[in-house]
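Asker: Need the 3D shape of this:
(chains A, B, C and D)
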There are 4 protein chains.
Amino acid sequence: MAEISIHVIDVTRGIPAAGMHVAVFARPDEERRQVREGRVGPDGVVERSPGSSTDIVPGQYEIELHAGAYYRAEGIVSDQPAFQEIVVFRLTVLAESEHIHIPIKLSPWGLSIWRGR
Amino acid sequence: MAEISIHVIDVTRGIPAAGMHVAVFARPDEERRQVREGRVGPDGVVERSPGSSTDIVPGQYEIELHAGAYYRAEGIVSDQPAFQEIVVFRLTVLAESEHIHIPIKLSPWGLSIWRGR
Amino acid sequence: MAEISIHVIDVTRGIPAAGMHVAVFARPDEERRQVREGRVGPDGVVERSPGSSTDIVPGQYEIELHAGAYYRAEGIVSDQPAFQEIVVFRLTVLAESEHIHIPIKLSPWGLSIWRGR
Amino acid sequence: MAEISIHVIDVTRGIPAAGMHVAVFARPDEERRQVREGRVGPDGVVERSPGSSTDIVPGQYEIELHAGAYYRAEGIVSDQPAFQEIVVFRLTVLAESEHIHIPIKLSPWGLSIWRGR
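Answerer: Numbers count the residues shown, from 1 in each chain, chains lettered A, B, ... in the order given. I've put the predicted structure just below:
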């Protein structure tokens, strides 16, 4: 079985984006369904909510980060929607047993995502 | 009137991602419609196709980059869909007269996008 | 003759890092001498001080950004030296007529630099 | 005691930059001395050579990555020196017990470094 792990750093302050809401969706063609959901923990790793546990299989996925709500709650931006309200990262799980680690560096004005291994 | 300009560099070789197909969509709530469409030119700037010319007004937009097709055509990846098949960047145009420049640095394995000014 | 242009964005706020001091040094082997010096202007471009005008020729160069002083003056960090006090980017000018554009995205906690063309 | 860990990904192929030579220097004022030395391992983490083991204490450090030699050995660039021959990242260890993790995403044409936690 494959897995996707996500790590989110707020580069405006060099700290984990603790509390940011994150969801992962499977996208088999048009239908889209949530397979993971949780919040960024104090170490930057997205903690999975109980019950959000559909298996990850090869195919296309979409990660959504609720960046606007996070940066407003932290008092860093006030616009609603913010410049980056919901950040989307689409990826393909290519193989059955792949563990994909997605480290995300984020500010209200941009992002850097490069797959680690 | 606002404007969005896009510049795409292929960091696997340090060159403009010339020929990559790019589209911009407006996203007023659920309905999504294309407002710009074109290809990356030899200088890295997305050249607008004739006829793709709806006005840009404050609101939410989505940029789509056809990265998978580009990297397969260049012989750099073979997977279909690729790890990053279609890259999505969502942004909000906040003000009426804003010119938003989006420089994008891309490889098949990640991306870096930070709003310039 | 070659040229190096530099553009610096402060990603903590999505604005040009206006006022940041920047210098460029030539590094023929061990000896190092300054060939450019100036501050980031209101548009993010490093403006050259009068008199800082040695020709750029093929060879190795080093860009120094006084990031710590800038972020302390802006009230964003207080450490002295800061985590990134002076940022260094080393590059080689490969050809006689090359114009190298170096866009830099910076926070007190990291940076993203990808050569444009 | 503080520690610095380094992780290097080659974003031209989305793989660890295995075999790249990396050194860390302490920089108390003008004098510079090597405190760590090793190569990137198969998991992307810099493995410390036996004997390279001076303690890390608060102060300024400099990481050097031998990127040019790596990309020439991999057949990705041929220039010598390469555009990025030796990559330098300077940082300050601020506190006695700090563990600083430095994930580095690299191509021959640029880099992205954002401190994790």
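Asker: which ones are touching the closest residue in space to A:Trp114 that isn't next to it in sequence?
Answerer: The shortest distance from A:Trp114 to any non-neighbouring residue, by CB to CB, 6 or more residues apart in numbering or on different chains, is to B:Gly110 (3.2 Å). No exception for glycine: its C-beta is placed from N, CA and C like everyone else's. Contacts for B:Gly110 (CB atoms under 8 Å, 6 or more residues apart in numbering or on different chains) come out as A:112-115, B:84, D:11, D:14, D:105.
Asker: Swap in 6 Å and give it another go.
Answerer: By CB atoms under 6 Å, 6 or more residues apart in numbering or on different chains, B:Gly110 lies in contact with A:113-115, D:11.
Asker: what bridges to the residue nearest to A:Val57 when sequence neighbours are not counted?
Answerer: Nearest residue to A:Val57 in three dimensions, chain neighbours excluded: A:Ala2, at 6.4 Å (CB to CB, 6+ apart). In this entry, A:Ala2 is beta-bridged to A:Ile56, by DSSP bridges.
Asker: Against chain C - does stretch A:82-91 have any residue that ends up touching it?
Answerer: No: figure legend: stretch A:82-91 not in contact with chain C (CB under 6 Å from any CB of the partner chain); closest approach 7.2 Å.
Asker: picking that back up, now do the same for the residue nearest to A:Val57: its pLDDT.
Answerer: For A:Ala2, the pLDDT comes out at 90.
Asker: isn't it right up against A:Thr54?
Answerer: No: with contact defined as CB atoms under 6 Å, A:Ala2 and A:Thr54 do not form a contacting pair (11.6 Å).
Asker: neighbour count winner among the two?
Answerer: Legend: neighbour count by other CB atoms under 10 Å in any protein chain shown for A:Ala2 and A:Thr54, higher for A:Ala2 (17 against 11).
Asker: Any stretches of chain A with poor pLDDT?
Answerer: Per-residue confidence for chain A (pLDDT under 70) gives these ranges: A:28-29, A:50-53, A:117.
Asker: thinking again about what came up before, report the contact partners of the residue nearest to A:Val57.
Answerer: A:Ala2 makes contacts with A:56, A:93, A:98, as judged by CB under 6 Å, 6+ apart.
Asker: if you set the cut-off to 8 Å instead, what comes out?
Answerer: A:Ala2 makes contacts with A:56-58, A:93, A:95-100, as judged by CB under 8 Å, 6+ apart.
Asker: and if you look at A:Arg13?
Answerer: Counting by CB under 8 Å, 6+ apart, A:Arg13 has contacts C:12, C:109.
Asker: Contacts only, for the closest residue to A:Thr54 other than its chain neighbours.
Answerer: Among residues not flanking A:Thr54 along the chain, A:Val35 sits closest, at 4.1 Å (CB to CB, 6+ apart). Applying CB under 8 Å, 6+ apart to A:Val35 gives the contacts A:24-26, A:52, A:54-56, A:61.
Asker: picking up where we left off before, any chance of a PyMOL selection covering the buried ones in the contacts of A:Ala2?
Answerer: Remark: buried members of the contacts of A:Ala2, expressed as a PyMOL selection using 16 or more other CB atoms under 10 Å in any protein chain shown:
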select buried, chain A and resi 56+93+98+100
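Asker: follow-up on the earlier one: next, work out how far apart the residue nearest to A:Val57 and D:Leu91 are.
Answerer: Applying CB to CB, to the nearest Å, one obtains 35 Å for the distance of A:Ala2 from D:Leu91.
Asker: And for A:His99?
Answerer: According to CB to CB, A:His99 stands 29 Å off from D:Leu91.
Asker: Equivalent analysis for A:Ser49, please.
Answerer: Look at A:Ser49 and D:Leu91: by CB to CB, they are 36 Å apart.
Asker: between the two, which one's more packed in?
Answerer: A side-by-side neighbour count of A:Ser49 and D:Leu91, using other CB under 10 Å, places D:Leu91 first with 23 against 13.
Asker: my guess is that one meets C:Phe83, correct?
Answerer: Yes: between D:Leu91 and C:Phe83 there is a contact under CB atoms under 8 Å: 6.0 Å.
Asker: Name the residues contacting each of those two.
Answerer: The contact sets of D:Leu91 and C:Phe83 overlap at D:Arg115 (CB under 8 Å, 6+ apart).
Asker: Spell out which residues of chain A are next to chain D.
Answerer: Contacts of chain A with chain D, taken as CB under 8 Å from any CB of the partner chain, map to A:7, A:9, A:11, A:14-16, A:43-44, A:103, A:105, A:112, A:114-117.
Asker: Let's see that with 7 Å instead.
Answerer: Residues of chain A lying near chain D by CB under 7 Å from any CB of the partner chain: A:9, A:11, A:14-16, A:44, A:103, A:105, A:112, A:114-117.
Asker: all strands of chain A, in order?
Answerer: A:3-10, A:15-16, A:21-26, A:33-40, A:46-48, A:59-65, A:87-93, A:99-107, A:110-114 (DSSP state E).
Asker: want to throw those strands into a markdown table with distance to A:Arg72?
Answerer: Below are the strands of chain A laid out as a markdown table (distance: least, CB to CB, whole Å):
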| stretch | distance to A:Arg72 |
| --- | --- |
| strand A:3-10 | 13 |
| strand A:15-16 | 17 |
| strand A:21-26 | 12 |
| strand A:33-40 | 16 |
| strand A:46-48 | 20 |
| strand A:59-65 | 14 |
| strand A:87-93 | 14 |
| strand A:99-107 | 14 |
| strand A:110-114 | 17 |
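Asker: of all these, which gets the most neighbours per residue?
Answerer: Most buried of those, by mean neighbour count (mean count of other CB atoms under 10 Å in any protein chain shown): strand A:110-114, with a mean of 25.
Asker: Give me the distance from that one to the chain's centre.
Answerer: Centroid displacement of strand A:110-114 relative to its chain, using CA atoms, centre = their mean, to the nearest Å, is 11 Å.
Asker: Send me that strand as CSV with only the CA atoms.
Answerer: The C-alpha trace of strand A:110-114 is given here as CSV (Å, rounded to 0.1, in the frame of the first residue of the first chain):
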residue,chain,number,x,y,z
GLY,A,110,4.1,31.8,-2.5
LEU,A,111,5.3,28.3,-1.9
SER,A,112,8.1,25.8,-2.5
ILE,A,113,7.3,22.1,-2.9
TRP,A,114,9.9,19.6,-4.0
